[in-house]
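starting from these lines, generate the structure:
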Amino acid sequence: MTITFQDGELRQLLREHVQHTQPELLANEKDQTLTYPDWLGTGYKRDVGLPSGIDLTLHRYRLHQNLVQTCSPQQSSCFEFVFSLTTHSQYNEGPVFCDRHAHLLGPEWQDSRWREFADQDYLAVDIHLDPSLLAALTESHSDKLPKTLQTMLAGEHKFPFVDPISITPEMQTALWQILQCPYQGITQTLYLEAKSLELIALFLDAIDDGVTAKPILHQGDLERIHQARQILQSNLQTPPCLVDLARQVGLNDRKLKEGFRQVFNTTVFGYLTQQRMEKACQLLGQQRSVAAVAAIVGYASPTAFSGAFRRKFGVTPKAYQLASCRGA
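Okay, here's the model as predicted:
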C-alpha cells in the first residue's frame, strides 16, 4: 500500500502527532523533533536552526508503508543540500536512487514527486541555506562552480535540481558525526555549524569532480545484497567471514564485494564497523561500561574499540557517554 501526501501534509501530520503526544519536543523553537505515529512508521525528523542562518533537518526513521510526497511549483527561500545515508528513494519518475547519495535542490521547485519505500531505514541530513549565504561562501570561486549551480545562484531556475552524486567516505564520516553529535549547548551549535559547512564543501568538490550516482543492480542481486546487510546487522558480535556471508546469500564473494560497495558505497567490513559504532552509541547512551559495550559489538578489547570509536566520531567512548549523560 502507498500513502500519498500533498504539499506539506506529512509535516503537518507529524507536528499534530507530537503536539498530542510529546509537546515538550516542540518547546524549543530552534530545535524541534517530529516523531512518526505508530501506524505510519518509527523514528523522527529533527529541525535545528543555527545562528549563521543554516537550518538542518536530521532524518532517522523507518516507514511501515510506501510513501509519496507531491509538491506543486513553488518558490522557496533556500537551497537544500540532501545527504542520504541509507534507503532507496525516487525523484519524479526517474531512476531509483541507490543508498548513499547526495543532491541539491534550488530555491524554485517545479512539480515534483518523491517516493520512499517501506521497511528500510532512512538516515539523512538536509542542509537548508539562504541563497545570499551560499553566494557569499562561493563568491571568490563562483566562476569555477558547475554551470548548473552558477545558473541557480544567478536566479535562473530553468533546472532547479543538481543530479545526485555518490556519498564519499569523507561525507559519510561527517554525516555520522552530525547524527551522533554528543555535545550540548554552544559546543553543539558550533560543531553542527562546522560539520554543515564541511559537507557543503565536500559536495561542491564532488560535483566539480563529476562523481555520478551508481546504477541499480538487477533486482535479484539487490535483494541478496540487502540480505547480506541484514545478516551483518544480526551478527555484530560474531559476523561471518566474507566467503561464508556470500555463500549464505547465494553470491560469489567477488560479486558480493562489488555489489555491496555499489549499493552502500562502502566495503562489507566498513559497513560492519558502521553498524557496530551505531549500536555502541545506543549502549553508551544507556550508561553501559565501555568494556561491556566493546564486547557486545564484537571488539576483542576495550582499547581496540576505543580507537575505532574515536576514529569514527572524533571523541572517545567515555567522552561521548559523559556528554550523553549531561544531555539526558
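
in contact with Val82: list those residues for me.
Contact analysis of Val82 by CB atoms under 8 Å, 6 or more residues apart in numbering lists Ala102, His103, Leu104, Leu105, Ala124, Asp126. The C-beta positions use only the backbone N, C-alpha and C, and glycine is treated the same way.

against Gln287, how distant is Cys181?
With the distance defined as CB to CB, to the nearest Å, Cys181 ends up 18 Å from Gln287.

who has more neighbours out of these two?
Cys181 (20 against 10; other CB atoms under 10 Å).

go ahead and confirm Arg11 touches Tyr36.
No. Between Arg11 and Tyr36 there is no contact under CB atoms under 8 Å: 11.5 Å.

for the two, work out which one has more neighbours and name it.
The residue with more neighbours, out of Arg11 and Tyr36, is Tyr36; 20 against 15, by other CB under 10 Å.

from the contacts of Val82, which is closest to Leu137?
Distance to Leu137 across the contacts of Val82 (CB to CB) is lowest for Leu104, with 13.6 Å.

could you chop the protein up by domain?
According to automatic domain parsing, the chain comprises the domains 2-209, 217-265, 279-328.

and the ones you listed as CSV, adding mean pLDDT and distance to Thr273?
Formatted as CSV, the domains of the chain follow (pLDDT from 0 to 100; distance: least, CB to CB, whole Å):
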stretch, mean pLDDT, distance to Thr273
domain 2-209, 83, 11
domain 217-265, 89, 10
domain 279-328, 86, 7
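
so for Leu272, which of those domains sits nearest?
Comparing these under CB to CB, the one sitting nearest is domain 217-265, at 5.3 Å.

Glu116 touches His64, doesn't it?
No. Between Glu116 and His64 there is no contact under CB under 8 Å: 11.6 Å.

more neighbours, these two?
Using other CB under 10 Å, the more surrounded residue of Glu116 and His64 is Glu116, with 19 against 16.

buried set for stretch 195-207?
Lys195, Ser196, Leu197, Glu198, Leu199, Ile200, Leu202, Phe203, Leu204, Ala206, Ile207 (16 or more other CB atoms under 10 Å).

where do the helices sit along the stretch 101-250 of the chain?
131-138, 147-153, 169-179, 185-209, 219-234, 242-249 (DSSP state H, counting those that start in this stretch).

any idea what the residue nearest the centre of the chain is bridged to?
Nearest to the geometric centre of the chain sits Ala124, at 2.3 Å (CA atoms, centre = their mean). On the basis of DSSP bridges, Ala124 is bridged to His59, Ser84.

tell me the buried residues in stretch 23-31?
Leu25, Asp31.

so how far is the first residue of it from its last?
This stretch, stretch 23-31, spans 13 Å end to end (CA to CA, to the nearest Å).

roughly how far out does that stretch sit from the chain middle?
22 Å (CA atoms, centre = their mean, to the nearest Å).

repeat for stretch 313-327
Worked out by CA atoms, centre = their mean, stretch 313-327 lies 21 Å from the chain centre.

and if you look at stretch 236-249?
26 Å.

same question, stretch 164-180
7 Å.

now that stretch: buried residues?
For stretch 164-180, by 16+ other CB under 10 Å, it's 164-168, 171-180.

closest one to Val18 out of those residues, please.
Leu179 (19.7 Å).

ok, now which ones touch the closest one?
Leu58, Arg60, Leu85, Leu123, Val125.

what is the burial count for the last one?
Meaning Val125. Val125 has 27 nearby residues by other CB under 10 Å.

that one touches Leu175, doesn't it?
Yes. Using CB under 8 Å, Val125 is in contact with Leu175, at 5.5 Å.

overlap of the contact sets of these two?
Contacts common to Val125 and Leu175, judged by CB under 8 Å, 6+ apart, are Phe83, Leu199.

before we move on, back to that, JSON lines for the contacts of Val82, including distance to Gln274?
Shown next, in JSON lines, are the contacts of Val82 (distance: CB to CB, whole Å):
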{"residue": "Ala102", "distance to Gln274": "17"}
{"residue": "His103", "distance to Gln274": "22"}
{"residue": "Leu104", "distance to Gln274": "25"}
{"residue": "Leu105", "distance to Gln274": "27"}
{"residue": "Ala124", "distance to Gln274": "15"}
{"residue": "Asp126", "distance to Gln274": "20"}
